[in-house]
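J.: The following comprises the amino acid sequence and a computationally predicted model.
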Amino acid sequence: MTISRFAAVVVGGGPAGLTAAIALAGAGVETALIAMPRSMPDHRTTALLAGSVTALDTLGVWRRCQTQAAPLRVLRIVDDTDRLLRAPEVCFAASEIGLDAFGHNIENTILISALEMQARDLPLLTRVEDEAASVAIEDDRITIGLKSGAALSAELAIAGDGRHSVCRAAARIEIQRRSYPQTALTFNLGHSREHHDTSTEFHTRTGPFTLVPLPGRRSSLVFVVDPTEVANLREMSHEGVAAQIERRSHSILGKIAVEPGRGVFPLFAETADRFGAGRVALIGEAAHVVAPIGAQGLNLGLRDAATIAELVVAAQRAGQDVGSATARYDAMRRADVTARVLAVDLLNRSLLSDFLPLQGARGLGLFLMRHVGPLRRSVMREGVAPLASQPRLMRGEAL
Ligand SMILES: Cc1cc2nc3c(=O)[nH]c(=O)nc-3n(C[C@H](O)[C@H](O)[C@H](O)COP(=O)(O)OP(=O)(O)OC[C@H]3O[C@@H](n4cnc5c(N)ncnc54)[C@H](O)[C@@H]3O)c2cc1C
C-alpha cells in the first residue's frame, strides 16, 4: 500500500480542525486534512470573542464572512430565578475597555463555509475526503488508516475529531466527564424590536436563557431547560414556541417569529487528562467539552488550534521533529482550559443549586461587578483576552 507522507495531519473538519489546518498550511507546513463533506445541518450560531475574530482575520478567513456576523457590544445579565437571594442586573459594555465589540455572533454554517473556502486556496493543504479508521503511533511517525483503505503518515496528528475522537483513544488519553440535569435547545429567531447589538442572558432556575444578536432583527437563542421539558418544546408549533420565548424574554425583543431548525443538546462537560501525548495533540471538543454557557467552547478550541500551529511552525523552522511539540502544547493549554471549564461549571451549578450560600456568592459576585468598575473591567478584559493564553494569531501576528 502507498502511504502519502505529510509533516502534519489534521483529523476532523469541524471549525477547530479547519482552523488548525489553515494556520499550518498557510505558514508553510505540508498538511493533510482528513474530513468528510458536511452532512448534518447545523442551525447553531457561535459567539466568537475578539481574539478569535482577530485570529480568523489574520488567517484570511474573516473577510469571507464578516458581513454576515453581528457585533456584540453589550452583554447584559439578568437574574430571573425568582429566588430569595437574587443578583442585581449587570451590563458589560465593550466601550468601557476601549473595544468596539466583545466579539461577533455568526451562524455555524457561514463560519464553516468561510473556513472551507480559505482551506481550498492553500496549495500546501491536501484535503482527504475520508474518515480516520485506525491510528498507529510509532517512534518517528504516526500513520492514519482511512476507511477507504488508504493510509497517511505524518510527524504529528492534530485531533480535531470531536467528542468521540479516535486519535484520543489511540493515544490512550482518558477523559473526565460530568453530566448536568439540563438540555440546551437552540433556535434562531426574527423579532419586531431592535437588539441594539446587546446579548441578554437571563439566569433561570433551570439554567441560562441567552439571546445573542444576529445581523438585522434576528437573534439566536440558547435555552437551557430541564430534560423533562424538551419533548414538549420540541413538538410545539412555531407559534407556541414563539409565545413561550416572548414570555420568558419579558418581550424585550417584541414579537418573536421562530425560524425552522431546532437543536437539542444534552449538557455535559469533558476534559481530557492530557492535551498532547506521543505524536497526538487534541484540539477543540476532542480535548474539552464545556456547557454552552458564556460562549467558551469554540473560543477555547480556536486558541488550541492557534497554539499547536504556532508550536509546529516554530519546530519546523528550527529543523526539529514537529511531533515533539505535544508536551509543550499540553503545558501551554492546561491553565486556560482548566480555568474556563471550572468557571462555566461553577456558574451553572450556582443556578441549579438551592443552597443559599452558593446563590449568595453568585449574587455578591454580580453585585461587585456592577458597582466596582476596575473589577468589572478586569473581568471583561480576561473574558476577551485571557492572560493565560494569547497565541500569536489571537494577537494579530501571522505565523
Ligand atoms: C448549543 C451550543 C451552543 C454553542 N455556542 C457556542 C458559542 O456561542 N461560542 C463558542 O465558542 N462555542 C459554542 N459552542 C461550542 C462549539 O459549538 C463547539 O466547541 C465546536 O462546535 C466544536 O468544534 P470542533 O471542531 O472541536 O468539533 P466538531 O464541530 O464536533 O467537529 C469534529 C469533526 O470531526 C469529524 N470527525 C469525527 N471523527 C472523525 C474521523 N474518525 N475521521 C474524520 N473526521 C472525523 C466530525 O465529522 C466533525 O466534522 C456551543 C455548543 C453548543 C452545543
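T.: Received it, and whenever you're ready, just let me know what you need.

J.: roughly how far apart are the residue lying closest to Thr45 once chain neighbours are set aside and the ligand?
T.: Leaving aside its sequence neighbours, Thr45 sits nearest to Ser220 (Cβ to Cβ, 6 or more residues apart in numbering; 4.0 Å). No exception for glycine: its C-beta is placed from N, CA and C like everyone else's. Per Cβ to the nearest ligand atom, to the nearest Å, Ser220 is found 8 Å from the ligand.

J.: is it true that Ser220 lies in a strand?
T.: Yes - assessed by DSSP: H, G, I helix; E, B strand; the rest coil, Ser220 belongs to a strand.

J.: Which residues lie in contact with whichever residue of the stretch 201-350 of the chain sits closest to the ligand in this structure?
T.: Closest residue of the stretch 201-350 of the chain to the ligand, Cβ to the nearest ligand atom: Gly284 (2.1 Å). For Gly284, the contacting residues are Gly12, Gly14, Pro15, Ala16, Gly17, Gly160, Gly162, Leu298, Leu300, Gly301, Asp304, Ala305, by Cβ atoms under 8 Å, 6 or more residues apart in numbering.

J.: Quick check, the last one in contact with Ala159.
T.: No - between Ala305 and Ala159 there is no contact under Cβ atoms under 8 Å: 11.3 Å.

J.: what does the stretch 51-200 of the chain have sitting close to the ligand?
T.: Glu131, Ala132, Gly160, Asp161, Gly162, Val166, Ala184, Thr186 (Cβ under 6 Å from any ligand atom).

J.: Please repeat the previous calculation with a cut-off of 5 Å.
T.: Residues of the stretch 51-200 of the chain lying close to the ligand by Cβ under 5 Å from any ligand atom are Glu131, Ala132, Asp161, Gly162, Val166, Ala184, Thr186.

J.: would you list the contacts of Gly284 in TSV and tack on distance to Ser324?
T.: Output for the contacts of Gly284, formatted as TSV (distance: Cβ to Cβ, whole Å):
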residue	distance to Ser324
Gly12	22
Gly14	26
Pro15	27
Ala16	22
Gly17	21
Gly160	20
Gly162	25
Leu298	27
Leu300	24
Gly301	23
Asp304	18
Ala305	19
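
J.: Quick check: bridge partners of Thr186?
T.: Val222, Gly263 (DSSP bridges).

J.: helices or strands next to the helix or strand hosting Asp57 in the packing?
T.: Secondary structure assignment for Asp57, by DSSP states H and E: helix 50-58. Helix 50-58 is packed against strand 103-107, helix 297-317, with contacts defined by 3 or more Cβ pairs under 8 Å, 6 or more residues apart in numbering; DSSP states H and E.

J.: buried set for the following helix or strand past the longest one?
T.: Pointing back at helix 297-317 there. Moving toward the C-terminus from helix 297-317, the next helix or strand (DSSP H and E) is helix 326-352. By neighbour count on 16 or more other Cβ atoms under 10 Å, the buried set for helix 326-352 is 326, 328-330, 332-333, 336-337, 339-341, 343-345, 347-348, 350-352.

J.: Quick check: Glu155 touching Ala7?
T.: Yes - Glu155 is in contact with Ala7 according to Cβ under 8 Å; the separation is 5.7 Å.

J.: ok so, going back, and the two most separated of the contacts of Gly284?
T.: Gly12 and Leu300 (15.6 Å; Cβ to Cβ).

J.: Of those two, which one has the most company?
T.: Neighbour totals were compared for Gly12 and Leu300, and Gly12 leads with 28 against 25 (other Cβ atoms under 10 Å).

J.: before we move on, the earlier item: quick check: PyMOL command selecting the buried ones in the contacts of Gly284.
T.: Restricted to buried positions by 16+ other Cβ under 10 Å, the PyMOL selection for these reads:
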select buried, resi 12+14+15+16+17+160+162+298+300+301+304+305
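
J.: what's in contact with the helix holding Asp57?
T.: 19, 48, 62-63, 66, 99, 101-104, 114, 298-299, 302-303, 306, 384-386, 390-391, 393-398.

J.: redo that, cut-off 7 Å
T.: Residues outside helix 50-58 that contact it (Cβ atoms under 7 Å, 6 or more residues apart in numbering): 62, 99, 101-104, 299, 302, 306, 384-385, 393-394, 396, 398.

J.: Among those, find me the one that's closest to the ligand.
T.: For these, the residue nearest the ligand by Cβ to the nearest ligand atom is Asn299; the value is 4.1 Å.

J.: if I read this right, Ala170 contacts Ala132, doesn't it?
T.: No - assessed by Cβ atoms under 7 Å, Ala170 is found out of contact with Ala132, at 9.1 Å.

J.: list residues touching both of Glu155 and Ala7?
T.: Joint contacts of Glu155 and Ala7 (Cβ under 7 Å, 6+ apart) are Val322.

J.: quick one on the thing from earlier: list residues touching both of Ala305 and Ala159?
T.: Here Ala305 and Ala159 have Ile283 as joint contacts, going by Cβ under 7 Å, 6+ apart.

J.: For the host helix or strand of Ala16, the averaged confidence score.
T.: Ala16 belongs to helix 15-26 when assigned by DSSP H and E. Confidence for helix 15-26, expressed as mean pLDDT, is 98.

J.: still on that earlier bit, neighbour count for Ala170 and Ala132, which is higher?
T.: Neighbours were counted for Ala170 and for Ala132 using other Cβ under 10 Å; Ala132 has more, 24 against 21.

J.: what's across from that one in the sheet?
T.: Leu146.

J.: what's the closest non-adjacent residue to Ala286?
T.: Using Cβ to Cβ, 6+ apart, the nearest residue to Ala286 is Ser165, at 3.8 Å.

J.: Run a quick neighbour tally on the one you found.
T.: By the criterion of other Cβ under 10 Å, Ser165 has 26 neighbours.

J.: Tally up the residues packed near Glu96, please.
T.: Around Glu96 there are 14 residues (other Cβ under 10 Å).

J.: can you check the one 10 residues further on too?
T.: Counted with other Cβ under 10 Å, residues neighbouring Ile106 total 25.

J.: which SS class is the nearest residue in space to Arg349 that is not next to it in sequence?
T.: Residue nearest to Arg349 in three dimensions, not counting chain neighbours: Leu358, with 7.2 Å by Cβ to Cβ, 6+ apart. Three-state assignment for Leu358 (three-state DSSP): helix.
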